[in-house]
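**Q** dropping a prediction and its sequence here:
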Amino acid sequence: MAEVILAKYGEIALKGLNKSTFENILMKNIRRRLRGLGKFSISKAQSTIYIESENEESDLDEAYLMMKKVFGISTLSKATVTEKDYDAIVAETMRYFDDELSFARTFKVEAKRADKSFPMKSPEICRELGAKILEAFPHLKVDVKKPEIIITVEIRDTNAYIHSKKESGAGGLPVGTSGRAMLLLSGGIDSPVAGYMMAKRGLVISAIHFISPPYTSERARMKVEQLCKKITDYCGDINFYCVPFTEIQETIRKECPEEYFTIIMRRLMVEIAQRVAGRDGSMALITGESVGQVASQTIEALVCTDAVCKMPVFRPVIGMDKTEIVDISRKIDTFEISIQPYEDCCTVFTPKHPKVRPTLEEIEVAENRVDFDEMVTKSIQETQKVTIRVDGC
């Protein structure tokens, strides 16, 4: 019989009258992700999306791995499909699980009867199918607490679906259901995690990165593009903006008090980012800042940075410690890229003794020594844009 992926969603099921909007965007995202893997039949019913290969060239195993990274999917399983007939269910269960049941020691049967017209109730299906399995595999024992194999039978509208292993999906909301935001992507550990976390809430992510040649190398830029590439698996295609920042940084170093370098630099980055965000259609900024992690991330410093911003700033890792952030970076496979030893412009002119608790008045006085408007405009005009695409799309 045919094998199918059952992709079930969680949070979307709680939506009200606009639930269909979330479902349709999720379906669109799935079709886009599967485009390079062959032809698939994709349909939805009862809070579940059904994905089935249409020919032998379509790789269902690869599609399954891809679906684990699509936001909006709560759980995934590969199932075999058969008629809604008890004898057919027994026969298909024996065929589909023959190898696993031959080598297992314990099992359990679960049943879910969504179609209430099916003549057997869920407990009866579990009991009768379990007895058939014990008869065919006498070495097995039933263990309802910690079985080696859980066989699940789902009786749905058109067919019966039999599966075992159920895995967690990416969760969250489908990308594209919550608008667009601009991620300030430094090349460190934190900012890719921040982008991933906001994409999980349904945001389309664009990214902006600041370069300072000759102080930063082409390898540093390539590193950030690699980070973008990694998170496209979760976030989808990313508009990547690369902003020249050398002149601004050299002017800050020359004209402004050293202890304020980092805060003034951050304020100008935010000013540029929000202008580029406006052109991109983004309505918010995203940063990887965590309270107290470095001098520019104290409460006082964040207040000074936010004062220049006219749009919301999302900081999803703000309350996390470094270990928590690193754990997520390992999960999304960005950690090893992030720790590559290439300088970014945030670390090039780091002051020896940065002001930890600056006031906004102090920062504005120091910043007003120079008219940065022309330099900011020039940097924006020279910004380069590329689109980092999901593999196969």
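**A** Yes, it's here.
**Q** can you pull out the strands in the stretch 151-300 of the chain?
**A** 160-168, 180-184, 204-211, 238-244, 285-286 (DSSP state E, counting those that start in this stretch).
**Q** and those strands as a markdown table, adding distance to Pro138 and mean neighbour count?
**A** The C-beta positions use only the backbone N, C-alpha and C, and glycine is treated the same way. Below are the strands of the stretch 151-300 of the chain laid out as a markdown table (distance: least, C-beta to C-beta, whole Å; neighbours: other C-beta atoms under 10 Å):
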| stretch | distance to Pro138 | mean neighbour count |
| --- | --- | --- |
| strand 160-168 | 20 | 18 |
| strand 180-184 | 58 | 25 |
| strand 204-211 | 55 | 25 |
| strand 238-244 | 56 | 21 |
| strand 285-286 | 58 | 26 |
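**Q** mean pLDDT and distance to Ile151 for those - can I get that in a markdown table?
**A** Converted to a markdown table, the strands of the stretch 151-300 of the chain look like this (pLDDT from 0 to 100; distance: least, C-beta to C-beta, whole Å):
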| stretch | mean pLDDT | distance to Ile151 |
| --- | --- | --- |
| strand 160-168 | 92 | 6 |
| strand 180-184 | 98 | 43 |
| strand 204-211 | 97 | 40 |
| strand 238-244 | 97 | 41 |
| strand 285-286 | 98 | 43 |
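**Q** between those strands, which gets nearest to Glu56?
**A** strand 160-168 (21.4 Å; C-beta to C-beta).
**Q** and the closest one, how far from the chain's centre?
**A** 23 Å (C-alpha atoms, centre = their mean, to the nearest Å).
**Q** which helices and strands does that strand pack with?
**A** Strand 160-168 is packed against strand 3-8, strand 75-82, helix 86-96, strand 149-155, with contacts defined by 3 or more C-beta pairs under 8 Å, 6 or more residues apart in numbering; DSSP states H and E.
**Q** closest one to Pro341 among those?
**A** The nearest among the helices and strands packed on strand 160-168, by C-beta to C-beta, is strand 75-82 at 37.2 Å.
**Q** mind listing the strands that closest one pairs with, and their directions?
**A** strand 3-8 (antiparallel), strand 160-168 (antiparallel) (DSSP bridges).
**Q** okay, angle between the longest one and strand 149-155 too, please.
**A** With axes from the mean of the first three to the mean of the last three C-alpha atoms, to 10 degrees applied, the angle from strand 160-168 to strand 149-155 works out at 130 degrees.
**Q** ok, and what's touching strand 160-168?
**A** 4, 6, 68, 74-85, 88-89, 92-93, 96-97, 100, 149-154 (C-beta atoms under 8 Å, 6 or more residues apart in numbering).
**Q** picking that back up, dump the strands paired with strand 75-82 into TSV; add distance to Ser47 as well.
**A** Below are the strands paired with strand 75-82 laid out as TSV (distance: least, C-beta to C-beta, whole Å):
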stretch	distance to Ser47
strand 3-8	6
strand 160-168	14
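**Q** so which of those is nearest Ala307?
**A** strand 160-168 (40.7 Å).
**Q** so who does Gly172 touch?
**A** 11, 71-72, 199-202.
**Q** then Ala366?
**A** 256-257, 260, 264.
**Q** let's see which of those residues end up in helices.
**A** Counted as lying in helices by DSSP state H, out of those, are Ile264.
**Q** which stretches of the stretch 201-350 of the chain have low pLDDT?
**A** 295, 344-349 (pLDDT under 70).
**Q** thinking again about what came up before, which stretch among the strands of the stretch 151-300 of the chain comes nearest Glu250?
**A** Of all the strands of the stretch 151-300 of the chain, it is strand 238-244 that lies closest to Glu250, at 11.6 Å by C-beta to C-beta.
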